[in-house]
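S.K.: This is the structure alone, sequence omitted:
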């Protein structure tokens with residue numbers, strides 16, 4: 001039955017979304033009451049207020065207990081690394097309403113979180129139209145993914161960055177590539193590394209058009225057994241020449257975004273806007289390993305069913321398994337990097353994880369290697385790589401590129417690749433969905449409880465700092 005004609009389902013969707021927003025709003029208000037500026041908000045909030053009010057001299061920032069006053073002529077805060085997309089959206093929504101307070105600015109991300117829920121639901125129904133009830137639960141689960149859900153309560157760039165990535169992916173799924181490229185360009189204004197996910201869309205579109213049409217296949221992806229025959233150069237070149245004009249128009253719109261970004265990097269001298277010395281590009285392959293751990297922790301119900309198959313895989317390919325483990329050990333030994341911010345900032349969970357495990361016990365790094373292998377095996381198995389070559393190839397390539405050049409270990413860096421991975425899971429069991437939901441609820445309860453009860457005092461701040469992701 002079409003979704004539009006399923007009255008029970010539509011009522012359930014409306015009720016679920018309304019409950020999500022109301023509960024999130026209550027939690028949002030508690031965070032606002034109990035917190036001053038939170039870590040990087042001391043950079044984002046003054047900048048956001050200036051954009052929002054269109055005033056660039058004196059800035060008043062109202063917090064629950066005090067007013068912060070900044071007096072200076074407008075300039076870009078050198079500690080801000082991202083482009084002003086978040087502030088532009090804030091000014092477009094809040095400026096005309098004159099709601100440019102700390103509450104108003106943070107509320108932008110609460111709205112973005114709700115919009116993300118709608119987009120998760122929309123994308124999942126496009127991806128798996130026959131599993132509408134599972135899609136509804138999945139959309140809620142992804143929306144309350146603990147690190148993502150927490151940042152919906154504060155004024156950071158991550159939530160709204162994901163909003164535009166989702167808009168681009170939904171438009172791409174609907175074959176509206178002009179809008180997909182536009183949303184992709186806007187996503188880069190939120191976070192520069194989102195350019196990688198624009199390339200992710202280009203790659204999927206071009207490969208599907210060229211490789212599938214070369215064999216006149218109508219399926220949404222190709223089989224691994226067929227891939228080698230599709231990758232012969234002459235048929236690909238010939239098929240490129242025969243593509244219709246609309247194909248090339250779509251490719252040009254995507255490439256215009258990439259070219260503009262390349263020009264920005266050339267003129268700016270770096271991918272980041274400010275704080276360039278602390279955010280220089282470094283090859284840091286273990287970031288992929290940390291992403292595997294992130295995926296196992298938050299996706300454990302989906303990984304659980306692949307433990308036995310992984311053991312069987314290892315038994316049958318023991319030599320291959322041993323060689324990969326040796327390679328991982330070598331990477332850990334020669335390429336484990338520690339950013340100064342990671343070692344110094346005790347307001348993030350990564351500080352405690354690193355200092356109490358990875359830094360304190362050097363052998364712990366190597367004991368984790370088999371877990372990294374299982375994470376890689378689980379990701380590829382869950383994605384069903386044999387039947388989804390194009391998506392898996394582009395997802396793997398873009399995840400590698402977006403992570404391995406980041407020296408700083410940040411939970412937020414893993415959000416987009418994990419969300420894209422989670423959106424493409426198929427044939428999920430209800431038991432796994434319920435386990436996932438319960439896991440996220442427990443973790444969210446714990447992290448918000450710690451946020452409300454744990455105070456951290458720094459000598460250069462006259463108010464308590466909070467522990468966040």
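M.R.: Looks like it came in fine. As the structure is a prediction and not an experimental result, all values here were calculated from the model.
S.K.: Need the three-state assignment for the residue nearest the centre of the chain.
M.R.: In the chain, the centroid-proximal residue (Cα atoms, centre = their mean) is residue 416; its distance is 1.9 Å. Per DSSP: H, G, I helix; E, B strand; the rest coil, the local secondary structure of residue 416 is helix.
S.K.: quick one, what contacts it?
M.R.: Residues near residue 416 by Cβ atoms under 8 Å, 6 or more residues apart in numbering: 161, 162, 165, 194, 197, 402. The way it works is simple: take the backbone N, C-alpha and C, and place the C-beta from them, glycine included.
S.K.: need the contact list for the fourth one.
M.R.: Contacts were defined as Cβ under 8 Å, 6+ apart; by that measure residue 194 touches 161, 164, 165, 184, 187, 188, 416.
S.K.: try 7 Å this time
M.R.: Residues in contact with residue 194 (Cβ atoms under 7 Å, 6 or more residues apart in numbering) are 161, 165, 187, 188.
S.K.: give me the number of residues near residue 334?
M.R.: Neighbour count of residue 334, defined by other Cβ atoms under 10 Å: 8.
S.K.: Check it and give its pLDDT.
M.R.: Looking at residue 334, its pLDDT is 97.
S.K.: repeat for the one 10 residues further on
M.R.: Reading off the per-residue confidence, residue 344 sits at a pLDDT of 89.
S.K.: do residue 274 as well
M.R.: 85.
S.K.: now the strands for this structure?
M.R.: For the chain, strands defined by DSSP state E occupy the ranges 58-62, 67-71.
S.K.: what's residue 269 sitting at in phi/psi?
M.R.: phi 80, psi 0 (degrees, to the nearest 10).
S.K.: oh, I was asking about residue 154
M.R.: According to degrees, to the nearest 10, residue 154 has phi -130, psi 170.
S.K.: isn't it right next to residue 38, touching?
M.R.: Yes. Assessed by Cβ atoms under 7 Å, residue 154 is found in contact with residue 38 at 5.1 Å.
S.K.: more crowded one of the two?
M.R.: Counted by other Cβ under 10 Å, residue 154 and residue 38 do not tie: residue 154 has more neighbours, with 26 against 21.
S.K.: what's the more buried one in contact with, if anything?
M.R.: 38, 41, 106, 109.
S.K.: Settle this for me: residue 35 is touching residue 467, isn't it.
M.R.: No. Residue 35 lies out of contact with residue 467 (Cβ under 7 Å); the separation is 11.3 Å.
S.K.: Take the contacts of residue 154 and keep only those in helices.
M.R.: With DSSP state H as the criterion, helices contain 41, 106, 109 from among the contacts of residue 154.
S.K.: For residue 352, state which of those residues is nearest.
M.R.: Nearest to residue 352 out of the ones in helices among the contacts of residue 154 is residue 41 (Cβ to Cβ; 21.2 Å).
S.K.: What is the neighbour count of the closest one?
M.R.: Number of residues near residue 41 (other Cβ under 10 Å) recorded here: 20.
S.K.: Quick check, pLDDT for it.
M.R.: With respect to pLDDT, residue 41 has a value of 95.
S.K.: So it is in contact with residue 153, correct?
M.R.: No. Counting by Cβ under 7 Å, residue 41 stays clear of residue 153, with 11.0 Å between them.
S.K.: intersection of neighbour lists for these two?
M.R.: Residues touching both residue 41 and residue 153 by Cβ under 7 Å, 6+ apart: none at all.
S.K.: Give me the below-cutoff pLDDT ranges for the stretch 351-469 of the chain.
M.R.: Within the stretch 351-469 of the chain, the ranges that satisfy pLDDT under 70 run 385-386.
S.K.: what about residue 90, distance to residue 359?
M.R.: Per Cβ to Cβ, to the nearest Å, residue 90 is found 38 Å from residue 359.
S.K.: Identify each buried residue in the helix ranked longest in the chain, please.
M.R.: Longest helix in the chain by number of residues, with DSSP H as the criterion: helix 7-34. For helix 7-34, a neighbour-count test (16 or more other Cβ atoms under 10 Å) marks 9, 13, 16, 17, 20, 21, 24, 27, 28, 31, 32 as buried.
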